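Colleague: Using only what follows, build the 3D model:
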Amino acid sequence: MAGFEGKVVIVTGAGSGIGEATARRFSTGGYAVVLAGRTEEKLARVAAGLPEERTLTVAADVSDEEQAVFLINRTLERFGRLDVLVNNAGTIVTGPLAEAKTSDWRRVMGTDLDGVFFLSRAAIPHLVSTGGCIVNTSSVSGLGGDWDMAIYNAAKGAVTNLTRALALELGRHGVRVNAVAPSLTASDMTKSMLGDEKLMAKFAERIPLGRAAEPEEIADVIAFLASPDARFVTGVNLPVDGGLTASNGQPPQA
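Modeller: Numbers count the residues shown, from 1 in each chain. You can find the predicted model right below:
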């Protein structure tokens, strides 16, 4: 993924985890990278390791329409174009739906779904002009249900189908839209899970490759979907899950 000097990518949720790894991956390939997230200190830490002349940090909450539009406009102001939008920002609430607060629903839907809508809508005219693409971070939780994760499942399920619908809508304009669907991935959001030995043993039993993903392993697939190697790929929700979704759900046999 070298030789992309002059091309511009926005990565949301770029302060850690998959977003940070994705930003670094595109930067290594020559892209100008816009790091977006809510915490300026996290973005500054990531930016410190990237070329200053083609790196921009924008502290923005993508669940807010005005801030999402500001992010797009700030990108155009600095770099003059947009080639790739990576909608990666996300949050999660777990627990029984009957015990969930309305604020929990609003928070997850705001970041995980509204942010994708606001940014994609604002970015589309500029992606059409460059023949660019969108890569969303969905989840295996957007392909099937989880125990006590109904709100997150609803949000990611919507991202999964929004990806398909946008691919149909934008293909005629030369814009591709795809998504990655990771399973358990090492990040700030999953830190408590990764420290639970019993839980990790259950994951190892269900994931054929026997472990959680590293953020860089998801970033590599995002980079592929944005590259010319995937020029005839659109409308795909690609599981990056160590084989998790290859199973029909039955337990391993003795």
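Colleague: C-alpha only now, for contacts and for neighbours.
Modeller: Will do.
Colleague: which residues does residue 154 contact?
Modeller: residue 142 (Cα atoms under 8 Å, 6 or more residues apart in numbering).
Colleague: Spell out which helix or strand contains residue 120, please.
Modeller: helix 115-130 (DSSP states H and E).
Colleague: Output the contacting helices and strands for that helix.
Modeller: Counting contacts by 3 or more Cα pairs under 8 Å, 6 or more residues apart in numbering; DSSP states H and E, helix 115-130 is packed against helix 65-79, strand 84-87, strand 133-137.
Colleague: Let me know the angle separating whatever helix or strand comes next after the shortest one from helix 115-130.
Modeller: This means strand 84-87. Sequence order places helix 102-109 as the next helix or strand after strand 84-87, per DSSP H and E. With axes from the mean of the first three to the mean of the last three Cα atoms, to 10 degrees defining the directions, helix 102-109 sits at 20 degrees from helix 115-130.
Colleague: wouldn't residue 111 be in contact with residue 65 here?
Modeller: No - Residue 111 is not in contact with residue 65 according to Cα atoms under 8 Å; the separation is 10.8 Å.
Colleague: The helices and strands packed on helix 115-130: which one's closest to residue 55?
Modeller: helix 65-79 (9.7 Å; Cα to Cα).
Colleague: same question for the closest one, mean pLDDT?
Modeller: Across helix 65-79, pLDDT averages out at 98.
Colleague: and what of stretch 247-254?
Modeller: Stretch 247-254 comes out at a mean pLDDT of 80.
Colleague: Pass me the low-pLDDT residue ranges in the protein, would you?
Modeller: 1-3, 191, 254 (pLDDT under 70).
Colleague: where do the helices sit along this protein?
Modeller: For the chain, helices defined by DSSP state H occupy the ranges 17-28, 40-47, 65-79, 102-109, 115-130, 150-170, 191-194, 197-206, 215-226.
Colleague: Just send those back as CSV, with distance to residue 85 too.
Modeller: Listed next are the helices of the chain as CSV, based on distance: least, Cα to Cα, whole Å:
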stretch, distance to residue 85
helix 17-28, 11
helix 40-47, 17
helix 65-79, 10
helix 102-109, 19
helix 115-130, 8
helix 150-170, 13
helix 191-194, 27
helix 197-206, 31
helix 215-226, 9
